[in-house]
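Engineer: Give me a model of this one.
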Amino acid sequence: MQTLLWGSVLSALATGVGALPILFFKRMSHHWRDILLAFTAGIMMAAATFSLMPQALASSDMWVLCLGVASGTIALTLLEQLIPHIDLEHTRMNIRMDEKSLLVLAAITLHNLPEGLSVGVSYSSEDQQLGGLIAFAIGLQNAPEGFLIALFLIHQQVSRWKAFLLATLTGSVEIVAALAGHYLTSLIADLVPYGLSFAAGAMLFIVYKELIPESHGDGHARAATFSFIVGLLVMIGLIEWF
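Structural biologist: Here you go, the predicted structure:
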């Protein structure tokens, strides 16, 4: 349980780590942002396909894997329909720090729930190293998100320190979600392969729907593609190492 707590906390607080640069400068070039997003996409792709799915198959069968992946994908799709995800970097909406801005923060916070569940379920796996790997992958994804949230808040005339604290808080919900996911799968062992498959489906949705399109939207597709491949290989190397 202590390992789970540390992993979920570090993964969630990566949002705050990503927001730290906002205290010193206000911009990140599109080039480096796209490279970082694509690298993160490669990390998460490898985590889903080379860690979560094989673990789910090892303790179940193809039907369970397909059901879990489909459930994770559908859950993220419904979540996005009910609470639209707003691209903070490219939005044309002139949102002030009022009810609409709070709605944006709430939407981002709720989008972090499946990521926290992924971490918690991974720590319930028989593979003792899987939880740490997934927490690492989710943490990498949280870092650029934290920066963009803080940047958005600064543009709404929020002070740098308040922007940093609010961005950090949006990731803290992952700690609660991780503990809930771990508790449920520990209580009912048969849920573990479903949970791992669900986490894989959720991560693949994030990769294909959010990270890859965002990393290719500003004319840096070639650099982002190379970065994606490097991220994929780095995560596979970590999986083999552990």
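Engineer: Quick check: which ranges of this protein have low pLDDT?
Structural biologist: The chain contains residues with pLDDT under 70 at 1-2, 25-28, 83-108, 110-111, 126, 128, 152, 155-156, 189, 242.
Engineer: any idea how far the residue nearest to residue 181 when sequence neighbours are not counted lies from residue 130?
Structural biologist: Distance criterion CB to CB, 6 or more residues apart in numbering; nearest residue to residue 181, sequence neighbours excluded, is residue 120 at 2.9 Å. From N, CA and C alone the C-beta is placed, and that goes for glycine too. Distance, residue 120 to residue 130, by CB to CB, to the nearest Å: 12 Å.
Engineer: can you pull the contacts of the residue nearest to residue 238 when sequence neighbours are not counted?
Structural biologist: What sits nearest to residue 238 in space, not counting adjacent residues and going by CB to CB, 6+ apart, is residue 133, at 6.3 Å. Applying CB atoms under 8 Å, 6 or more residues apart in numbering to residue 133 gives the contacts 47, 51, 122, 235, 238-239, 242.
Engineer: one step back: which of residue 120 and residue 130 has more neighbours?
Structural biologist: Each of residue 120 and residue 130 has its neighbours counted (other CB atoms under 10 Å); residue 120 has more, 29 against 22.
Engineer: which helices and strands sit right next to the one helix or strand residue 203 maps to?
Structural biologist: For residue 203, the element it lies in under DSSP states H and E is helix 191-205. Counting contacts by 3 or more CB pairs under 8 Å, 6 or more residues apart in numbering; DSSP states H and E, helix 191-205 packs against helix 30-47, helix 53-58, helix 62-82, helix 113-122, helix 160-187.
Engineer: Please narrow the contacts of residue 133 to those residing in helices.
Structural biologist: 47, 122, 235, 238-239 (DSSP state H).
Engineer: which among those gets closest to residue 61?
Structural biologist: Using CB to CB, residue 122 comes nearest to residue 61 of the ones in helices among the contacts of residue 133, at 19.7 Å.
Engineer: residues in contact with the closest residue to that closest one other than its chain neighbours?
Structural biologist: Distances taken as CB to CB, 6+ apart put residue 134 closest to residue 122, at 4.0 Å, once the chain neighbours are dropped. Residue 134 makes contact with 47, 51-52, 118-119, 122, 199 under the criterion CB under 8 Å, 6+ apart.
Engineer: Of those residues, grab the buried ones for ChimeraX.
Structural biologist: If you want just the buried ones from these in ChimeraX, going by 16 or more other CB atoms under 10 Å, the selection is:
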select :47,51,52,118,119,122,199
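Engineer: among the contacts of residue 134, which two are most distant?
Structural biologist: 51 and 119 (12.3 Å).
Engineer: And residue 241, how far from residue 222?
Structural biologist: 29 Å.
Engineer: neighbours of residue 206, just the number please.
Structural biologist: With other CB under 10 Å as criterion, residue 206 counts 25.
Engineer: Tell me if I'm right that it and residue 43 touch.
Structural biologist: No - the pair residue 206 / residue 43 is not scored as a contact, 11.4 Å apart, by CB atoms under 8 Å.
Engineer: Quick check: neighbours shared by those two?
Structural biologist: Counting by CB under 8 Å, 6+ apart, the residues touching both residue 206 and residue 43 are residue 141.
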